[in-house]
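here is the input, now give the coordinates:
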Amino acid sequence: MDETETTPAQADMPDVTAEVVNLERSGANVIRANQVNISQGGANQVFATDVRVEQGGIAVADGDSLHVENGGVAVARTNSLTIKDGSALFATAQRASLTNASAAIVVARHVVATDSRATILLTGQVNGTVTTLMVTRQVAVFGLLAGLGIGMVLTAGRLFRRG
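Presented below is the predicted three-dimensional model:
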């Protein structure tokens, strides 16, 4: 069986605009709605007030509230983020709730976490258990040291070119 026969191309995925969008075992390219529910499906971009994903995924989600369970999101920009048994690549939120979740980068004012992992966590307040590679202070120091290191390399390169 040829895999390309069963995988829909991006051109085959529709753009959807509605008050409420329910996707079940299907996909969409761009969704603009007040409320979006995705179950065992996915979307490239979602712009909505309230987004709920169960066993699905979204490439870019932008809205007021995003709830992901047993799924994932690549980029999330939201006020309230909830991830349970799922993952995010990059997320910005006012409040984030992570339960048995993993994320590469999370930027939030307040994080409530239970048995979760984040590579980089930038937050004002954390409640719960989250394992991180770097937290806010470490990211600031890392950024400062990386900037100084790059500056020194560029300065040394200029000095050697002149000589």
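
what segments of this structure are strands?
Under the criterion DSSP state E, the chain carries strands at the ranges 16-17, 20-24, 27-39, 42-54, 57-69, 72-84, 87-99, 102-134.

out of those strands, which gets nearest to residue 154?
Closest approach to residue 154 among the strands of the chain (CB to CB): strand 102-134, 24.3 Å. (Each C-beta comes from the backbone N, C-alpha and C, glycine too.)

just checking, what packs against that closest one?
Packing partners of strand 102-134 (3 or more CB pairs under 8 Å, 6 or more residues apart in numbering; DSSP states H and E): strand 72-84, strand 87-99, helix 136-162.

those into CSV, with extra columns for distance to residue 22?
Formatted as CSV, the helices and strands packed on strand 102-134 follow (distance: least, CB to CB, whole Å):
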stretch, distance to residue 22
strand 72-84, 18
strand 87-99, 22
helix 136-162, 38
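
got JSON lines for these, with mean pLDDT and mean neighbour count too?
Shown next, in JSON lines, are the helices and strands packed on strand 102-134 (pLDDT from 0 to 100; neighbours: other CB atoms under 10 Å):
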{"stretch": "strand 72-84", "mean pLDDT": "96", "mean neighbour count": "21"}
{"stretch": "strand 87-99", "mean pLDDT": "95", "mean neighbour count": "21"}
{"stretch": "helix 136-162", "mean pLDDT": "77", "mean neighbour count": "10"}
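
any chance of JSON lines for the strands of the chain, columns distance to residue 157?
Listed next are these as JSON lines, based on distance: least, CB to CB, whole Å:
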{"stretch": "strand 16-17", "distance to residue 157": "51"}
{"stretch": "strand 20-24", "distance to residue 157": "52"}
{"stretch": "strand 27-39", "distance to residue 157": "44"}
{"stretch": "strand 42-54", "distance to residue 157": "41"}
{"stretch": "strand 57-69", "distance to residue 157": "37"}
{"stretch": "strand 72-84", "distance to residue 157": "34"}
{"stretch": "strand 87-99", "distance to residue 157": "32"}
{"stretch": "strand 102-134", "distance to residue 157": "28"}
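
wait, which of the ones you listed is closest to residue 152?
Ranking those by proximity to residue 152 (CB to CB) places strand 102-134 first, at 21.9 Å.

in that closest one, which residues are buried?
Within strand 102-134, the residues scored as buried using 16 or more other CB atoms under 10 Å are 102-103, 105-108, 111-113, 116-118, 120-123, 126, 130, 132, 134.

just to revisit the earlier point, out of the helices and strands packed on strand 102-134, which gets nearest to residue 43?
Nearest of these (CB to CB): strand 72-84, 10.0 Å.

having no further points to raise, I will conclude here.
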